[in-house]
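A.B. asks: next one to model:
(2 chains)
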Amino acid sequence: MQFGIFTVGDLTTDPTTGQTPTEHDRIKAMLTIAQKAEEVGLDVFAAGEHHNPPFVPSSPTTMLGYIAAKTERIILSTATTLITTNDPVKIAEDFAMLQHIADGRVDLTLGRGNTGPVYPWFGQDIRQGIPLALENYALLRRLWREDYVDWEGQFRTPLQGFQSTPRPLNGVPPFVWHGSIRSPEIAEQAAYYGDGFFSNHIFWPASHTAKMVKYYRNRFEHYGHGTAAQAIVGLGGQVFMSKNSQDAKREFRPYFDNAPVYGNGPSMEEFTSQTPLTVGSPQEVIDRTLGFRDYVGDYQRQLWLMDHAGLPLATVLKQLDILGEEVVPVLRREFAKNRPADVPDGPTHESLRLAAERSSSPAAAASGVRDDLDTAGAIAPHRRATGAAFGLAGAGKTGA
Amino acid sequence: MTERTLAVVSAGLSQPSSTRLLADKLATATVARLADEGVTTRVVTYELRDYAQDVMNNMLTGFANPRLEEVIEAVTAADGLIAVSPIFTTSYSGLFKSFFDVIDNRSLTDQPVLIGATAGTARHSLALDYAMRPMFTYLHAVVVPTSVFAASEDWGTGDGGRIDSRVQTLPARIERAAGELSALVARSDRSSRVRDPFELPADFNPAGMFPPR
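C.D. replies: Predicted coordinates:
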């Protein structure tokens, strides 16, 4: 299982000091935070994409490219990449480029974006959000998987004989998570391709997330990528910790009360009881996070939002120390317990590369497993075997 | 015996509230009309004042807490709705509007609705037709032709011998509106519909909608 952090890159006044960082300070802070994430042993750093203040990260691959050079191990991801308003051709190019620079340590989470004016600013119509997400991704997938693409769609200039460069590293496209809070269409899309489904359930009740993930898992099985339990699930989360639970609450409360998203609304106590936000001791965070498994099943990736609402850099770095030293090691151990052997690990470039090798083997060719329509086939452990196991997977597919 | 569910939403603020009083009179009259047609009615009544903070929290956080979720479920799944608001500053109250702002704008489609309002004087009565009726029409609800407005003075009128006069008294208006609503509620199957929040459009294609099928 993979653990990491994601940032939305908000430029927010620290309510305890009245200080607002400059854009430059905030961007540099994000770079420091990303490197710290690797240092404390996390697996993933993901950056948001925004095109309006108070958010600073408009160019994720520029930022992630720098972080790639400064780190060695951590996976660089997004939270999220706007599949609706970005040209899929540019996404294909940018992320393939980043993949080469980072030696494969790249994946991305696609989202539609929730800021209305961004659509018209980029020449799109928000009412077409879902059709844009479907069509643009269908093209993005082909650009990474086919050397020359002839294509025509509803939203973008047609392509004749177009080749996106550079080609994905080792011929293995970056893994894609589809992020959605409430649209079954997106869960369906993720299931259709056998891609990952990321539910950022930090602002929504657990019961809602449970239903969405269950739907995705069932559809994943329906489309023949493996069993529902083998679907690739990621979750967002949000924590603030201190050795003593009361100290954590006291320290975080002014940030909660003034946070751009939920500030001046429900009390911190109401919000923590209704959503996965956890403010307390490391042990409370461990218990709450382990509880996620009870309603989404064994999953592959847990990301936390740590640097928002004006929290100063020093505080965030301290939080990351606690996360890396006291929380994640315990979670790794506990999540590994009773985890069925056939539930895949979080996807990496290496696991996808090995899978691609297997699916191009004669045994795989005979089984009819199609890599272009079956991302998850890549990482499902039961398909690491040859022969009968592949046959089973192939049989599942014919039902789709 | 046939069963139907009737939801009543009152946005009155004072206690006791004449808005709630009007809502209850409309509900009682509707239930009686349905009983005449052999329909048993389950009435669920909500005073929005009790959920004022939940409604505002929903506006700010984007999701309904479990308490409010229960109300929204009950209201949107009912066979009919009686919605009553005080008139403030020429329109329905902000609380009334906020409640209908946080529910999904497709969830009242086809719902039979009887609208009512209260105010100090009859000069506010048209607010029902220029504000509340268009709001429900926007939501694709089916608003019955008679809306019921009660000014303070209406609470001092009877119907003795005036039913056939040119001035319709409050009890007469309530009766006429209840008759219109009960006829639609009796035919409604909303409360027995199985709703699947994950149901996708029939033409949905996860690989994109082009070319159209």
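A.B. asks: quick check: pLDDT value at the residue nearest to residue B:189 when sequence neighbours are not counted.
C.D. replies: Spatially, and ignoring its direct neighbours in sequence, residue B:189 is nearest to residue B:79 (7.7 Å; C-beta to C-beta, 6 or more residues apart in numbering or on different chains). Bear in mind the C-beta positions are built from the backbone N, C-alpha and C, glycine included. At residue B:79, the pLDDT value in this model is 98.
A.B. asks: does residue B:79 really touch residue B:30, like I thought?
C.D. replies: No - between residue B:79 and residue B:30 there is no contact under C-beta atoms under 8 Å: 10.7 Å.
A.B. asks: pull up the overlap in contacts between the two.
C.D. replies: B:6, B:185 (C-beta atoms under 8 Å, 6 or more residues apart in numbering or on different chains).
A.B. asks: what sits against residue A:60?
C.D. replies: A:47-49, A:78, A:81.
A.B. asks: how close does it get to residue B:200?
C.D. replies: 30 Å (C-beta to C-beta, to the nearest Å).
A.B. asks: residue A:318 too?
C.D. replies: 45 Å.
A.B. asks: ok, residue B:191 next?
C.D. replies: Residue B:191 is 24 Å from residue B:200, by C-beta to C-beta.
A.B. asks: could you pull out the strands for chain B?
C.D. replies: In chain B, the segments counted as strands under DSSP state E are B:2-10, B:39-47, B:80-88, B:91-92, B:112-119, B:142-143, B:148-151.
A.B. asks: relative to chain A, which of the ones you listed is closest?
C.D. replies: The minimum distance between chain A and these falls on strand B:39-47, with 19.8 Å, by C-beta to the nearest C-beta.
A.B. asks: and that closest one, what's buried?
C.D. replies: B:39, B:41, B:43-44, B:46-47 (16 or more other C-beta atoms under 10 Å in any protein chain shown).
A.B. asks: CA atoms of it as PDB?
C.D. replies: Taking Å, rounded to 0.1, in the frame of the first residue of the first chain, the C-alpha atoms of strand B:39-47 are listed here in PDB:
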ATOM      1  CA  VAL B  39     -56.300   6.500   0.600                       C
ATOM      2  CA  THR B  40     -54.400   6.400   3.900                       C
ATOM      3  CA  THR B  41     -51.900   9.100   4.200                       C
ATOM      4  CA  ARG B  42     -48.700   9.200   6.200                       C
ATOM      5  CA  VAL B  43     -47.800  12.800   7.000                       C
ATOM      6  CA  VAL B  44     -44.200  13.900   7.700                       C
ATOM      7  CA  THR B  45     -43.900  17.500   8.900                       C
ATOM      8  CA  TYR B  46     -40.700  19.500   9.100                       C
ATOM      9  CA  GLU B  47     -40.200  23.000  10.600                       C
END
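A.B. asks: partners of that strand in the sheet?
C.D. replies: When pairing is defined by DSSP bridges, strand B:39-47 lines up against strand B:2-10 (parallel).
A.B. asks: give the buried residues for the partner strand.
C.D. replies: Buried residues in strand B:2-10, defined by neighbour count with 16+ other C-beta under 10 Å: B:4-10.
A.B. asks: same question for that strand, mean pLDDT?
C.D. replies: Here the average pLDDT along strand B:2-10 is 97.
A.B. asks: residues in contact with that strand?
C.D. replies: For strand B:2-10, using C-beta under 8 Å, 6+ apart, the contacting residues are B:17, B:19-20, B:23-24, B:26-27, B:30-31, B:34, B:38-48, B:74-75, B:77-85, B:96, B:99, B:185-186, B:188, B:191.
A.B. asks: how about the strands of chain B in JSON lines, adding distance to residue A:252?
C.D. replies: Output for those, formatted as JSON lines (distance: least, C-beta to C-beta, whole Å):
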{"stretch": "strand B:2-10", "distance to residue A:252": "37"}
{"stretch": "strand B:39-47", "distance to residue A:252": "34"}
{"stretch": "strand B:80-88", "distance to residue A:252": "38"}
{"stretch": "strand B:91-92", "distance to residue A:252": "39"}
{"stretch": "strand B:112-119", "distance to residue A:252": "44"}
{"stretch": "strand B:142-143", "distance to residue A:252": "47"}
{"stretch": "strand B:148-151", "distance to residue A:252": "49"}
